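[1] Next come a sequence and a model predicted from it.
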Amino acid sequence: MPKLRFANIVLNDVSYNPQSCNSLYYLSNKTIVEQKDKSLRLIEEGEYDFTTYFNSLSIYKLFMYSKAVSFYLHIEIMGPGSEIERTYADNFSHNTQHTGEITKINQNQTWQTLDIPIIPGKEDVIEGFIIKTHGEDVKIRNCYWGVETKSQPEKVKLALVTPTFKKEEYIERNISYLKANFFADDIGKNSHFFVIDNGRTLNRTLGDKNISIIPNPNVGGSGGFARGMLEVLKNKANFTHVLLMDDDVSLCAESIKRTINLISILKPEWQRSFISGAMLNFDIKDMQREDVGWVTPQGGCISQKPILRMTLTEDLVLNETLEPSEEMKKNTYAAWWYCAMPVKIIEENGLPLPIFVRGDDAEYGFRAKPKFITMNSICTWHKDFPTKYSAVIDRYYTLRNTLCAQLATGFAPHSNFMAPLCGAVDLELHKFGYTNATFALEALEDFFRGPNFLANPDLNKKRFDQLWRDTEKFVDLDELQKQINEIPELRKQGFNVRELTRQIIDKDKPRSRREEKIDRYFVNKQRILQTNGEGFAVIPANGWTFPAGIIREKKYLVMVDWFNQKGCIRVKDVKKYEEISKRYKTDLHYYKTHLDYLKRIWRTGGKELTTPEFWEQYLAKAAKLY
């Protein structure tokens with residue numbers, strides 16, 4: 001039977017990812033060092049457990065997705081005597097399970113090569129192994145999990161696509177990393193990396209035979225991915241698959257190699273699937289935020305799984321076996337921080353909608369209707385979203401795009417995307433976020449303008465420029481203190497930003513049911529029973545928290561982003577509230593009375609926005625504006 005080198009046993013590349021978590025790779029209180037020749041040196045006598053996120057074998061998923069029928073561990077080893085024990089974890093495991101199946105290796109100062117057959121138990125979810133050394137300085141090399149299949153693996157030619165906008169710190173580092181760790185290997189030589197430079201700031205000399213730097217107007221993530229897809233479709237290299245990735249991530253070359261290998265042995269019923277890589281937390285390296293998401297009936301996009309710690313055996317198992325509900329399955333999407341798909345899917349379904357940023361991946365997943373594949377070790381590290389909150393993104397683009405996509409292509413037909421928009425306006429008005437509430441109304445009003453608005457890069461550029469011009473200006477904490485000192489009510493109380501703690505910033509206080517009703521009806525004393533408010537409250541700067549008790553009847557809200565160490569001051573303004581409230585009522589009335597008309601114009605013109613012909617023209621027009 002044909003054999004395939006499926007998954008290499010790897011360590012973290014400390015030169016690229018110096019703050020990674022070793023327990024994602026091996027478990028031991030001893031030390032492993034990677035040598036220049038890529039061999040691994042087990043320095044001290046003891047046990048080294050490779051039943052981990054990156055180095056265990058996802059046997060449950062391989063049986064589900066692939067044509068693999070048998071498995072083995074290949075290892076080359078030299079040095080003092082040692083033992084290799086097969087390990088596993090099943091649904092009831094909270095740590096590595098021993099099998100007692102031990103391969104003994106005698107001391108030898110020359111390399112010994114072994115192929116150890118792996119016969120998994122019926123209930124096994126992952127397979128692993130432990131090396132127990134009986135002396136110092138054991139070396140291993142060329143260690144990998146191999147699979148045997150009934151038929152030859154399919155040939156895979158992968159195109160990698162990453163749009164980027166002035167994030168040289170990330171993209172230049174990732175280009176160098178992939179050159180050394182992916183394209184230099186045989187498995188990467190037939191692949192190509194299309195870097196779509198929306199900022200047109202990258203040096204073209206970063207490219208080579210495997211990497212193209214393609215200048216592009218600033219048409220957002222959706223426009224960058226669309227340009228990359230166009231390049232793939234036009235390329236004569238006959239790519240079979242596309243891997244879409246964000247620019248502000250840390251990569252693992254082994255994840256890409258395993259993606260290629262997995263694609264090559266997929267069962268026929270899984271060959272049109274999207275492979276959805278997990279988002280691990282850039283700052284907490286073993287924390288998985290999401291690998292597949294779903295769109296809720298209330299219009300939210302959230303993970304199908306809880307937050308998991310990938311250094312815990314029970315979470316490694318849960319990540320492989322968790323079965324989404326039927327409702328989740330109908331509303332699943334794969335985020336484009338790491339998503340591999342067949343080129344045939346693009347040829348059949350076209351390109352993303354021109355919605356700049358947010359929701360392009362979710363909408364495309366609904367339109368293409370693939371199956372979704374996930375697997376331990378296929379991932380990137382990404383900055384956690386709560387640390388990157390942007391009112392422009394969350395109050396305009398997210399709200400606008402879901403409304404447009406639902407009517408244009410039938411995205412998430414059973415979700416109510418007016419609910420989060422109305423919720424955002426109400427929340428911002430309670431918190432004196434008048435600018436942000438206006439962004440949400442502009443999202444709704446641009447949706448009213450129909451597909452012709454999205455199709456016009458000039459109008460979209462003007463909106464983009466206006467949003468960033470008008471957005472609340474957050475300043476560093478020292479400047480925030482100066483602004484506080486200019487307000488007599490705050491200065492008199494001796495308010496000092498540097499004395500704040502997270503406990504103080506996140507603090508709220510309970511309200512009585514009567515107070516809740518009063519606040520809801522009078523919108524924090526801005527409606528009918530109006531007051532200018534008194535005093536101040538300190539609250540988190542993010543858009544989703546609602547410390548309703550502590551902001552009651554206040555005049556000033558000091559917004560603090562503790563993670564990025566910035567802040568701003570909001571002031572209660574009843575006149576602004578009235579203006580926005582009146583506009584809000586007008587917009588809601590228009591929506592209710594014109595919904596049939598909106599459905600008709602979006603249904604008629606929406607799908608044209610996804611064709612290669614449209615995108616060629618759109619990008620050409622945008623290039624003259626940016």
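    That came through, no problem. Residues are numbered from 1 along each chain as shown.
[2] Count the neighbours of residue 429 for me.
    For residue 429, the neighbour count with other CB atoms under 10 Å is 22. The C-beta positions use only the backbone N, C-alpha and C, and glycine is treated the same way.
[3] go on, the one 5 residues further on?
    Other residues within reach of residue 434, judged by other CB under 10 Å, total 20.
[4] Can you tell me the SS state at the closest residue to it other than its chain neighbours?
    Using CB to CB, 6 or more residues apart in numbering and skipping the chain neighbours, the partner closest in space to residue 434 is residue 576 (4.5 Å). Recorded secondary structure, residue 576: helix (DSSP: H, G, I helix; E, B strand; the rest coil).
[5] Could you report the separation of residue 576 from residue 10?
    For residue 576, the distance to residue 10 (CB to CB, to the nearest Å) stands at 56 Å.
[6] which residues of the chain score low on pLDDT?
    386 (pLDDT under 70).
[7] Which parts of it belong to which domain?
    Taking automatic domain parsing as the domain assignment, the ranges for the chain are 3-149, 158-388, 413-626.
[8] Tabulate the ones you listed (TSV), appending distance to residue 398.
    Listed next are the domains of the chain as TSV, based on distance: least, CB to CB, whole Å:
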stretch	distance to residue 398
domain 3-149	30
domain 158-388	5
domain 413-626	8
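[9] from those domains, which stretch is densest packed?
    domain 158-388 (a mean of 20; mean count of other CB atoms under 10 Å).
[10] can you give me the end-to-end distance of it?
    Domain 158-388 has an end-to-end distance of 30 Å (CA to CA, to the nearest Å).
[11] what does stretch 525-545 give?
    19 Å.
[12] Please apply the same query to stretch 500-520.
    First-to-last distance for stretch 500-520 - CA to CA - comes to 29 Å.
[13] repeat for stretch 121-138
    30 Å.
[14] next one: stretch 115-127
    15 Å.
[15] Identify all contacting residues around that stretch.
    51, 56-60, 70-75, 84, 86-91, 93, 103, 129, 145-146, 316-317, 320-321, 376 (CB atoms under 8 Å, 6 or more residues apart in numbering).
[16] And what about residue 121, helix, strand or coil?
    Classified using three-state DSSP, residue 121 is coil.
[17] Against residue 255, how distant is it?
    Residue 121 is 27 Å from residue 255, by CB to CB.
[18] do the same with residue 364
    Counting by CB to CB, the gap from residue 364 to residue 255 is 21 Å.
[19] my read: residue 160 touches residue 256, true?
    Yes. Counting by CB atoms under 8 Å, residue 256 is a contact partner of residue 160 at 7.5 Å.
[20] which residues are common contacts for these two?
    With CB under 8 Å, 6+ apart, residue 160 and residue 256 have common neighbours residue 243.
[21] What are the neighbouring residues in contact with the residue nearest to residue 29 when sequence neighbours are not counted?
    Once flanking residues are discounted, residue 29 sits nearest to residue 46: 7.3 Å by CB to CB, 6+ apart. Residue 46 is in contact with 28-30, 132-133, counting by CB under 8 Å, 6+ apart.
[22] Next, residue 46: phi, psi?
    Here is the backbone geometry of residue 46 (degrees, to the nearest 10): phi 150, psi -160.
[23] what's the answer for residue 481, then?
    The phi/psi pair for residue 481 (degrees, to the nearest 10) is phi -60, psi -40.
[24] ok, it - contacts?
    Contacts of residue 481 (CB under 8 Å, 6+ apart): 496-498.
[25] Then residue 10?
    Per CB under 8 Å, 6+ apart, neighbours of residue 10: 25, 54-55, 254.
[26] helix or strand for residue 89, which one?
    Under the criterion of DSSP states H and E, residue 89 resides in strand 82-90.
[27] who's in contact with that strand?
    By CB under 8 Å, 6+ apart, strand 82-90 touches 49, 51, 56, 59, 73, 75, 95-105, 114, 116, 118, 120-121, 123-134, 138, 313, 316-317.
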